[in-house]
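*Asks:* Provided below are the primary sequence and the corresponding predicted coordinates.
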Amino acid sequence: ICYNKQEVIFMNDLIKKDMLLYSDIIKDDHPDLRQKSLPANIPLSNEEINVLKLMNDYLWNSYDNEIVEKYKLRPGVGLAAPQIGILKKMFCILAYDEKGDFHNYCIINPKIISHSEEKTYLETGEGCLSVDKTVNGLVHRYRRIKASVYLYDFETQELISTVLKLEGYLAIIFQHEYDHLYGKLFYDRINKENPFFIPENSHPVIFSPQDE
Ligand code: NI
């Protein structure tokens, strides 16, 4: 197990925490967000499990209006370890897909092994907990991806190796978080000359209207 000095400092701070606040998330002027992350240890160290738990809890807290208001959290559907200063290949996703199904993944050492030619995008553009300002423009990503990953399950405390197949909104979130592991931010992928350009093979995610 090895960590760089900066990580040890962050880890020591994080270990004392039982919850992440919005202020714990580093912003896009921080050089760590431009670094390439290292693979996490397999099996995970206790520190890495702790980091995953803090990230996953932040996302769960995002869905609790009382907690959001009390701690002034900015809600999110995905959070990657580099965003809290830990340059490890780990991220969490907690989101409803376009059909209204709920997904929670704690992903470790992902590798995209194949993808569709077809692309997709969010008509509202993307946002990021590490980007305070609104950036106008569309981000086109693969509509379907297949990725080899480790998934950590907090209930069973099991780490399983599997291949995830995702499409549409979930595939977008996955690729956004995956980019964080390679020092890339969503606005890097917006067409500079024509931010709202739509390639022929890209179609928007359509969210089905939710009843109630
Ligand atoms: Ni982000």
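*Replies:* Right, received. Where do you want to start? Numbering: from 1, shown residues only.
*Asks:* so, low pLDDT: which residues of this protein?
*Replies:* Applying pLDDT under 70 to the chain flags the ranges 1-16, 210-212.
*Asks:* next secondary structure element downstream of the longest strand along the chain?
*Replies:* Counting by DSSP state E, the longest strand found in the chain is strand 102-115. On the C-terminal side of strand 102-115, the nearest following helix or strand under DSSP states H and E is strand 119-121.
*Asks:* helices or strands up against the longest strand of the chain?
*Replies:* helix 46-62, strand 90-96, strand 144-153, strand 158-167, helix 168-180 (3 or more CB pairs under 8 Å, 6 or more residues apart in numbering; DSSP states H and E). No exception for glycine: its C-beta is placed from N, CA and C like everyone else's.
*Asks:* please put the alpha-carbon coordinates of that strand into CSV.
*Replies:* Output in CSV follows, covering the C-alpha atoms of strand 102-115 (Å, rounded to 0.1, in the frame of the first residue of the first chain):
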residue,chain,number,x,y,z
PHE,A,102,-32.5,3.8,-8.9
HIS,A,103,-28.9,2.8,-9.0
ASN,A,104,-26.0,2.9,-6.5
TYR,A,105,-22.5,1.8,-7.4
CYS,A,106,-19.2,2.1,-5.6
ILE,A,107,-16.8,1.5,-8.4
ILE,A,108,-13.1,0.7,-8.0
ASN,A,109,-10.4,0.4,-10.7
PRO,A,110,-12.8,0.7,-13.7
LYS,A,111,-11.7,0.1,-17.3
ILE,A,112,-14.0,0.8,-20.2
ILE,A,113,-13.5,-2.2,-22.5
SER,A,114,-16.0,-1.4,-25.2
HIS,A,115,-18.5,1.2,-26.3
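*Asks:* in it, what's buried?
*Replies:* 105, 106, 107, 108, 109, 110, 112, 115 (16 or more other CB atoms under 10 Å).
*Asks:* my read: residue 125 touches residue 136, true?
*Replies:* Yes - between residue 125 and residue 136 there is a contact under CB atoms under 8 Å: 6.4 Å.
*Asks:* between those two, who's got more neighbours?
*Replies:* Set residue 125 next to residue 136 and count neighbours by other CB atoms under 10 Å: residue 125 wins out with 17 against 10.
*Asks:* show me the contacts for residue 107.
*Replies:* 90, 91, 92, 93, 149, 150, 151, 164, 174, 177 (CB atoms under 8 Å, 6 or more residues apart in numbering).
*Asks:* switch to 6 Å and redo it
*Replies:* Applying CB atoms under 6 Å, 6 or more residues apart in numbering to residue 107 gives the contacts 91, 149.
*Asks:* likewise residue 35?
*Replies:* 87, 183.
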